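Peer 1: got a predicted structure plus its sequence, pasted below:
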Amino acid sequence: MGQELSEPIDESIEPLHLKRRDLKSIAEYIASGECQKVAVMVGAGISTSAGIPDFRSPDTGLYANLQRLDLPEPEAVFDITYFRTNPLPFYTLAHDLYPGKYRPTITHSFIHLLHKKGILKMCWTQNIDTLERAAGVPGEKLVEAHGSFASQRCIECKAPYPDDLIKQHILADPVEVPTCKDTPECNGLVKPDIVFFGEPLPAEFSSSMEQLDDVDLAIVMGTSLMVYPFAGLPTRVPHGPPRLLINNEKVGEIGSRRDDVIFLKACDEAVRVLCKEIGWLDDLEELWAATEPEESKAEKKEEEERWKSLTSDQRLDEEVERLTKDVEESLKVSKDHKSWVEGQLKKEKGGDATHDAEPGSPTLSYKPTIIETPKPALSTDESSKNEETKTDPPNTAALKPDSPKLEASKAEESKDI
């Protein structure tokens, strides 16, 4: 299937399946019982409200931690060549992003709700945070296009590595880099099954695409639709079934078909509105409430009781202290970032702004590159070659696809984490 024209549909043309091209009509379609096979495609935008930090932002402590490791640029943390020579930056990032540290968002619970209602056909995700699984979406209903922390193996002998052992290494303070224990002569580096620059997509991504040939509705949420071949999924949906885009901005060619609906809102807000229209809001809130860890509930209750016991003056003092700490931390991070940039500029003037990569590997330049024009959407013939397709690094709230890309083994993309 080639690149689809992206001109907006003429509003005078009536929809085929929907009463109108709006969210209320999507809700009516779902509630009617005619919609029994829903395909969901999600990106970093559905995870941002979970609090997962963006490692590229100078305003986060995670960014400051990474820059002290002297990376050529932040994206190098997901480059397989760089990982082979220096795996510590990746595991520093993994320490902050490891599953269990973040609660699923209500959007993740919405995907679970679709499954509970018996109408989720499949969910394709660009995210590596495993929050879909944490929300209750079963593994057989997930295609993790860029892999995830759900499994790991040696990069040399490919032997699986125990979940409990890698968790110990990643959550250690300081973080520890795990090595292969399967064969004494190997001792290779262990890496979660996350797709790095220069690695093929998981085989199940290619094999799952035929499921899009028979759907009643496609919902696209929180993604830039810039990374191919993932960006070609909405185009793979046949003409006829409605497609719903929930995003902060219009992306891709959604809006060019008769039953396309675009709802430009934050994902969490949008799914609440949609479920209220369907009559599922109580079900949604109940599922999301179940994702709150018990220790968080206890801590929250304890903090509420403590806060109630404070006088007005004590509350004011605490607020002032909290704000002061926030400002101090922001200033510290900004100062660290400024020092790092000045150091890199000095390197450039000295002619050594590039990282010494392994022989034959691409140069990792400090200067960011511009995203190239997206490739044509995936065709049926091309989809069979996906195992050989090189991809951009995984798309999470910690790795946003609209950011500049590493020059090394970059795949084109088309801006839920």
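Peer 2: On my side now, so go ahead. Just so you know, these numbers come straight off a predicted model, no measurement behind them.
Peer 1: for this structure, give me the ranges with low pLDDT.
Peer 2: Applying pLDDT under 70 to the chain flags residues 1-7, 10, 12, 53-67, 182-184, 294-302, 329-417.
Peer 1: now do the same for S206: helix, strand or coil?
Peer 2: Per DSSP: H, G, I helix; E, B strand; the rest coil, the local secondary structure of S206 is helix.
Peer 1: after the helix or strand in which H169 is found, which helix or strand is next?
Peer 2: Applying DSSP states H and E as the criterion places H169 in helix 163-171. Beyond helix 163-171 on the C-terminal side, the first helix or strand identified by DSSP H and E is strand 190-194.
Peer 1: excluding chain neighbours, what is closest to L284?
Peer 2: In space, and not counting its chain neighbours, L284 is closest to C275: 4.5 Å by C-beta to C-beta, 6 or more residues apart in numbering. No exception for glycine: its C-beta is placed from N, CA and C like everyone else's.
Peer 1: CA-only coordinates of the one helix or strand that neighbour maps to in PDB, if you can.
Peer 2: Counting by DSSP H and E, the element that carries C275 is helix 267-278. Extracted as PDB, the C-alpha positions of helix 267-278 are listed here (Å, rounded to 0.1, in the frame of the first residue of the first chain):
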ATOM      1  CA  CYS A 267      -5.300  11.300  25.900                       C
ATOM      2  CA  ASP A 268      -6.500  11.000  29.500                       C
ATOM      3  CA  GLU A 269      -9.100  13.700  29.000                       C
ATOM      4  CA  ALA A 270     -10.200  12.300  25.700                       C
ATOM      5  CA  VAL A 271     -10.800   8.700  26.900                       C
ATOM      6  CA  ARG A 272     -12.800  10.000  29.800                       C
ATOM      7  CA  VAL A 273     -15.000  12.000  27.400                       C
ATOM      8  CA  LEU A 274     -15.400   9.100  25.100                       C
ATOM      9  CA  CYS A 275     -16.300   6.600  27.900                       C
ATOM     10  CA  LYS A 276     -18.800   9.100  29.400                       C
ATOM     11  CA  GLU A 277     -20.500   9.200  26.000                       C
ATOM     12  CA  ILE A 278     -20.600   5.400  25.700                       C
END
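Peer 1: and it, what does it pack against?
Peer 2: Secondary-structure packing of helix 267-278 (3 or more C-beta pairs under 8 Å, 6 or more residues apart in numbering; DSSP states H and E): helix 23-31, helix 106-116, strand 217-221, strand 243-247, strand 260-264, helix 281-289.
Peer 1: how far out from the middle of the chain is that helix?
Peer 2: Here the centre of helix 267-278 is set off from its chain's centre by 21 Å, with C-alpha atoms, centre = their mean, to the nearest Å.
Peer 1: can you point out the buried residues in it?
Peer 2: C267, D268, A270, V271, R272, V273, L274, C275, E277, I278 (16 or more other C-beta atoms under 10 Å).
Peer 1: run through who's touching it.
Peer 2: Helix 267-278 has contacts (C-beta atoms under 8 Å, 6 or more residues apart in numbering) with 23-24, 26-28, 30-31, 45-46, 49, 105-107, 110, 113, 221-222, 246-247, 263, 265, 281, 283-284, 416.
Peer 1: likewise stretch 159-177?
Peer 2: Taking C-beta under 8 Å, 6+ apart as the criterion, the residues outside stretch 159-177 that touch it are 87-88, 91-92, 94-95, 98, 151-154, 178, 180-183, 186, 189-190, 192.
Peer 1: keeping just the C-alphas, turn it into PDB.
Peer 2: Extracted C-alpha coordinates of stretch 159-177, given in PDB (Å, rounded to 0.1, in the frame of the first residue of the first chain):
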ATOM      1  CA  ALA A 159      20.500 -16.900  26.000                       C
ATOM      2  CA  PRO A 160      17.500 -15.600  28.100                       C
ATOM      3  CA  TYR A 161      18.400 -13.900  31.400                       C
ATOM      4  CA  PRO A 162      16.300 -14.300  34.600                       C
ATOM      5  CA  ASP A 163      13.900 -11.500  35.400                       C
ATOM      6  CA  ASP A 164      14.800 -11.400  39.100                       C
ATOM      7  CA  LEU A 165      18.500 -11.000  38.300                       C
ATOM      8  CA  ILE A 166      18.200  -8.200  35.900                       C
ATOM      9  CA  LYS A 167      15.900  -6.400  38.300                       C
ATOM     10  CA  GLN A 168      18.500  -6.700  41.000                       C
ATOM     11  CA  HIS A 169      21.200  -5.200  38.700                       C
ATOM     12  CA  ILE A 170      19.000  -2.400  37.400                       C
ATOM     13  CA  LEU A 171      17.600  -1.300  40.800                       C
ATOM     14  CA  ALA A 172      21.000  -1.500  42.600                       C
ATOM     15  CA  ASP A 173      22.500   1.700  43.900                       C
ATOM     16  CA  PRO A 174      24.700   2.300  42.000                       C
ATOM     17  CA  VAL A 175      23.300   0.500  39.100                       C
ATOM     18  CA  GLU A 176      25.100  -2.700  37.900                       C
ATOM     19  CA  VAL A 177      25.600  -3.900  34.400                       C
END
